[in-house]
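>>> What would the 3D arrangement of this be:
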Amino acid sequence: MKKISIYTDGSSLGNPGPGGYCAILEYETNGKLHKKTVSGGEAHTTNNRMELKAAIEGLKALKNGCIVDIITDSKYVADAINGWLAGWIKKNFKDVKNTDLWAEYMEAAKPHKVRGVWVRGHNGHPQNEECDQVAKSEAEKF
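Numbers count the residues shown, from 1 in each chain. Model (predicted):
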């Protein structure tokens with residue numbers, strides 16, 4: 001399986017309010033770095049929804065099953081991927097927010113081996129900073 005890094009960020013102006021997301025997919029073959037950016041937004045949403053939407057759309061952009069690191073500044077997304085999700089499934093998502101998106105995430109993640117990696121936001125991480133700028137730009141379109 002190919003190893004890929006998906007850097008993600010989400011933004012909501014007002015929270016709730018207009019929102020945007022960005023996912024940067026990076027992988028290497030034969031010493032060459034390949035990069036693809038996926039982004040979008042919604043007129044009325046929350047920051048957590050956009051953080052999660054970035055991960056979903058990044059996974060949907062993959063054509064084959066991969067080993068995936070989702071690198072995010074969202075503890076919500078990273079912690080859910082790495083542990084909370086299993087418990088949520090066991091309790092049938094009782095009292096869990098954004099169940100529609102978590103269902104979409106689980107479907108998108110099926111062919112992959114996914115791990116969440118948390119990075120501190122606004123801390124000079126190049127891909128995180130780029131995702132942040134794109135996500136905000138998408139939110140500003142509404």
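
>>> For the residue nearest to the spatial centre of the chain, which residues are in contact?
For the chain, the residue sitting closest to the mean C-alpha position, by C-alpha atoms, centre = their mean, is residue 55 at 2.1 Å. By C-beta atoms under 8 Å, 6 or more residues apart in numbering, the contact set of residue 55 is 6, 8, 23, 70, 72, 77, 81, 105. C-betas here are computed from N, CA, C, even on glycine.

>>> 6 Å instead, please
Applying C-beta atoms under 6 Å, 6 or more residues apart in numbering, we find residue 55 in contact with 8, 70, 77.

>>> Tell me how far it lies from residue 121.
Look at residue 55 and residue 121: by C-beta to C-beta, to the nearest Å, they are 15 Å apart.

>>> any idea where the helices of the chain begin and end?
Assigned by DSSP state H, the helices in the chain fall at 47-60, 75-79, 85-90, 99-109, 126-139.

>>> Would you mind giving those as JSON lines with mean pLDDT added?
Converted to JSON lines, the helices of the chain look like this (pLDDT from 0 to 100):
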{"stretch": "helix 47-60", "mean pLDDT": "98"}
{"stretch": "helix 75-79", "mean pLDDT": "98"}
{"stretch": "helix 85-90", "mean pLDDT": "96"}
{"stretch": "helix 99-109", "mean pLDDT": "98"}
{"stretch": "helix 126-139", "mean pLDDT": "97"}
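
>>> Out of those helices, which is the most enclosed?
Scoring the helices of the chain by mean neighbour count under mean count of other C-beta atoms under 10 Å gives helix 47-60 as the most buried, with a mean of 24.

>>> tell me the angle of that one relative to helix 126-139?
If you take axes from the mean of the first three to the mean of the last three C-alpha atoms, to 10 degrees, helix 47-60 sits at 110 degrees to helix 126-139.

>>> How far off centre is helix 47-60?
4 Å (C-alpha atoms, centre = their mean, to the nearest Å).

>>> related to what we said a few turns ago, dump the helices of the chain to TSV, plus distance to residue 14.
Converted to TSV, these look like this (distance: least, C-beta to C-beta, whole Å):
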stretch	distance to residue 14
helix 47-60	10
helix 75-79	18
helix 85-90	27
helix 99-109	19
helix 126-139	9
